[in-house]
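1. Could you work out the structure for the sequence below:
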Amino acid sequence: MRSKTKMVHGGITGDEQTGAVSVPIYQVSTYKQDGVGNFRGYEYSRTGNPTRHALETVIASLENGTHGFAFGSGMAAITTVMMLLKSGDHVVMTDDVYGGSFRLMTKVLERFDLQNTFVDTSNPEKVEEVIQENTKALYIETPTNPLLKITDLRKMTEIAKKHNLLLIVDNTFATPYWQQPLDLGADIVLHSATKYIGGHSDVVSGLVAVKSDELAEKIHFLQNSVGAVLGPQDSWLLMRGIKTLALRMEAIEMNTRKLVSYLVEHDKVKSVFYPGLESHSGYEIAKGQSTGFGGMISFDVGSGELAEEVLKKVNYFTLAESLGAVESLISLPAKMTHASIPADRRRELGITEGLIRVSVGIEDVQDLIEDLEQALCD
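-> Next up is the predicted model:
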């Protein structure tokens, strides 16, 4: 089954009992048992819900995995996966990582002595240098948020296997339509499904997929124990969003390429970050491990003052957190998504005050270009 067909027919997509072509919303907390301990597949909706289970089979299918898990947010998914580790363990993470992931590791999990080192994972030699005796996992974002750096997942697989590490990949920016990390050797792939997978700015959720039965058993135990599960209404919304994921990603990328071409030539734009540019340092790697370059662009206008002026003046770009929606979104990472990262660390990474991040939508691209033009002009 090819990718576009999987979006519509992958996993559980209907109801065999009634013939409904859409999975019903099982708005239920508990289930009648035929006898003590004799239940019909479900006993309590924290442990399992038919609507959520249908979604979990779909994400497993899209990522070419065997098991999927749905959580109440992307951060709930990341936190649950990190609970596979224990106090005293060490995690190597991509340095240019989402601010919420950075905050989780440095402000929450460090309190439980889960140690971390942030490194430029686009450089495999630097990754090797920071691996310690107690390193147990390698956590990758590719493309990264917000600088869109690319990490070679095949190289990371080699390093992970060499050092017996768990390889975890945040696939939010690429989506399972463009990139399947499990096929490239990752152990766990996760998403903030709030973004492209949902695609309509109407649901907050996280998804995880694995191939290993052993890992699946551990994650299900944690999912049930921690309880940060996705409700049936939101599970249904995600399944509806997935059906158009392929079409949305193709339309978004088409718009993105034209916007990038415009920005590269603009005299007010100092630099453009997009892996689909041949000048991008990760272009060849991205081309070799993904079938598309996605819909995220970051560009630097040189100053925080000008960046904020642009954000005030745009009409078709919505100033908001998040990304991956049908409407184009715009943000200032230094003061929004990455504000939890200390200022000196942001400067070190290249997340400047003048860096603008754009999540391109499905509007007419000429309207988007004209909107940026009037916002960038004096």
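2. Counting neighbours, what do you get for the residue nearest to residue 165 when sequence neighbours are not counted?
-> With sequence-adjacent residues excluded and distances taken as CB to CB, 6 or more residues apart in numbering, residue 165 is closest to residue 138, at 4.9 Å. C-beta here means a position set from N, CA and C on the backbone, and glycine is covered the same way. When neighbours are defined as other CB atoms under 10 Å, residue 138 has 26 of them.
3. ok but residue 138 is inside a strand, no?
-> Yes: secondary structure of residue 138 (DSSP: H, G, I helix; E, B strand; the rest coil): part of a strand.
4. Just to check, it is in contact with residue 170?
-> No: Residue 138 is not in contact with residue 170 according to CB atoms under 8 Å; the separation is 11.8 Å.
5. how about the nearest residue to residue 258, chain neighbours excluded?
-> That would be residue 365: by CB to CB, 6+ apart, it lies 4.8 Å from residue 258.
6. what about the residue lying closest to residue 170 once chain neighbours are set aside, distance to residue 200?
-> Distances taken as CB to CB, 6+ apart place residue 141 nearest to residue 170, at 4.5 Å, with adjacent residues excluded. Distance check for residue 141 against residue 200: by CB to CB, to the nearest Å, it reads 23 Å.
7. Comparing these two, which shows the higher neighbour count?
-> In terms of neighbours (other CB under 10 Å), residue 141 is the more surrounded of residue 141 and residue 200; the figures are 24 against 15.
8. and that one, what does it touch?
-> Neighbouring residues of residue 141 by CB atoms under 8 Å, 6 or more residues apart in numbering: 94, 96-98, 101, 151, 169-170, 172-173.
9. Tell me the one of those nearest residue 81?
-> residue 170 (9.9 Å; CB to CB).
10. Now for that closest one, how many residues are close by?
-> Residues near residue 170, counting by other CB under 10 Å, number 28.
11. In the sheet, which residues pair with it? Tell me.
-> Under DSSP bridges, the beta-bridge partners of residue 170 are residue 141, residue 190.
12. Check residue 115 too.
-> Judged by DSSP bridges, the bridge partners of residue 115 are residue 90.
13. From residue 89, how far out is it?
-> When distance is defined by CB to CB, residue 115 is 7 Å away from residue 89.
14. Mutual contacts of these two, please.
-> residue 134.
15. give me phi/psi at residue 269?
-> Main-chain dihedrals, residue 269, degrees, to the nearest 10: phi -100, psi 120.
16. Contacts only, for it.
-> Taking CB under 8 Å, 6+ apart as the test, what residue 269 contacts is 263, 299-301, 376.
17. Could you tell me the model confidence score at it?
-> Per-residue pLDDT puts residue 269 at 97.
18. Next: residue 3.
-> What the model reports as pLDDT for residue 3 is 88.
19. Next: residue 336.
-> With respect to pLDDT, residue 336 scores 88.
20. Count the residues that sit near residue 302.
-> 15.
21. swap that for residue 290, sorry
-> For residue 290, the neighbour count with other CB under 10 Å is 25.
22. how close does it sit to residue 269?
-> Taking CB to CB, one finds residue 290 at 25 Å from residue 269.
23. now residue 111
-> Going from residue 111 to residue 269 by CB to CB gives 41 Å.
24. which residues of the stretch 1-150 of the chain fall in strands?
-> 67-71, 90-94, 115-119, 135-141 (DSSP state E, counting those that start in this stretch).
25. Alpha carbons of the longest helix that the chain contains, in CSV - could you do that?
-> Counting residues, the longest helix found in the chain (DSSP state H) is helix 245-264. Provided in CSV are the C-alpha atoms of helix 245-264 (Å, rounded to 0.1, in the frame of the first residue of the first chain):
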residue,chain,number,x,y,z
LEU,A,245,-2.3,14.7,5.0
ALA,A,246,-0.7,13.7,1.7
LEU,A,247,-2.7,16.3,-0.2
ARG,A,248,-2.0,19.0,2.3
MET,A,249,1.7,18.3,2.4
GLU,A,250,2.1,18.4,-1.3
ALA,A,251,0.2,21.7,-1.6
ILE,A,252,2.1,23.2,1.3
GLU,A,253,5.5,22.2,-0.1
MET,A,254,4.6,23.7,-3.5
ASN,A,255,3.7,27.0,-1.8
THR,A,256,6.9,26.8,0.3
ARG,A,257,9.2,26.4,-2.6
LYS,A,258,7.8,29.6,-4.2
LEU,A,259,8.0,31.5,-0.9
VAL,A,260,11.6,30.5,-0.4
SER,A,261,12.5,31.6,-3.9
TYR,A,262,11.0,35.0,-3.1
LEU,A,263,12.7,35.4,0.3
VAL,A,264,16.2,34.4,-1.0
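26. I'd like the distance from it to the chain centre, please.
-> How far helix 245-264 lies from its chain's middle: 18 Å, per CA atoms, centre = their mean, to the nearest Å.
27. got any ranges where the stretch 51-200 of the chain has weak pLDDT?
-> By pLDDT under 70, the stretch 51-200 of the chain contains no weakly predicted segment.
28. wait, doesn't residue 229 sit right on residue 223?
-> Yes: the pair residue 229 / residue 223 is scored as a contact, 6.4 Å apart, by CB under 8 Å.
29. overlap in contacts of the two?
-> Common neighbours of residue 229 and residue 223 (CB under 8 Å, 6+ apart) are residue 71.
30. Outline the domain layout of the protein.
-> Annotated domains of the chain cover 3-242, 246-376 [automatic domain parsing].
31. So residue 328 is in contact with residue 358, correct?
-> Yes: between residue 328 and residue 358 there is a contact at 6.7 Å, judged by CB under 8 Å.
32. Overlap in contacts, those two.
-> residue 317.
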